[in-house]
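In: Below is the sequence, then the predicted model.
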Amino acid sequence: MKTVIIYTDGACRGNPGPGGWGVLIEYGELSKQLYGGDVSTTNNKMELTAAIMALKEIKEPCEIILYTDSKYVLQGIEEWIHNWKKRGWRGANKKPVKNIDLWKELDELRDKHNIKWNWVKGHSGDPGNETADMLANRGIDEL
């Protein structure tokens, strides 16, 4: 399997407010940048959307090393999702999981790959994260 490195980020100006998502995909010497935005959204939705859009771009099963600065995405996909599914997509509070449509889509996409999820501190100088952040902000700027 090919190994692909992905950096994702979401941004929001106001929460809710205009938001953007950004993705940097690296494979060998190749790289691809993706971004988009929504006029009224939340930061968590944009973080999830970034991961979803990145995985949609990968057309064959791959080894993926994915970096996110969102503990919400990281903990959600690695820890919380198992219990959500057992409880019929309800949280510990018995209420429906927020952003359920995005979580279900991300769950489906991740099953196609072998993904190592990594957290990186945002705005700490990591070049991949800084690029994803710049792209997420471009997504807002171009609304």
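Out: Perfect, I can see it now. All values reported here derive from a predicted model rather than from experimental measurement.
In: Of all residues in this protein, which one is nearest the centre?
Out: residue 51 (2.5 Å; C-alpha atoms, centre = their mean).
In: Shouldn't residue 134 be within a helix?
Out: Yes: checked against DSSP: H, G, I helix; E, B strand; the rest coil, residue 134 lies within a helix.
In: thought it was touching residue 24?
Out: No: between residue 134 and residue 24 there is no contact under C-beta atoms under 8 Å: 9.3 Å. Heads up, the C-betas are built off the backbone N, CA and C, glycines and all.
In: Between the two, point out the one with more neighbours.
Out: Higher neighbour count among residue 134 and residue 24: residue 24, with 26 against 16, using other C-beta atoms under 10 Å.
In: tell me the contacts of the more buried one?
Out: By C-beta atoms under 8 Å, 6 or more residues apart in numbering, residue 24 lies in contact with 6-7, 31-33, 128, 131-132, 135.
In: How about the residue lying farthest from the centre of the chain: what's its closest non-neighbour residue?
Out: For the chain, the residue at maximal distance from the C-alpha centroid (C-alpha atoms, centre = their mean) is residue 94, at 25.0 Å. Closest residue to residue 94 apart from its sequence neighbours, by C-beta to C-beta, 6 or more residues apart in numbering: residue 87 at 7.8 Å.
In: And stretch 50-57, what's buried?
Out: By neighbour count with 16 or more other C-beta atoms under 10 Å, stretch 50-57 contains the buried residues 50-55.
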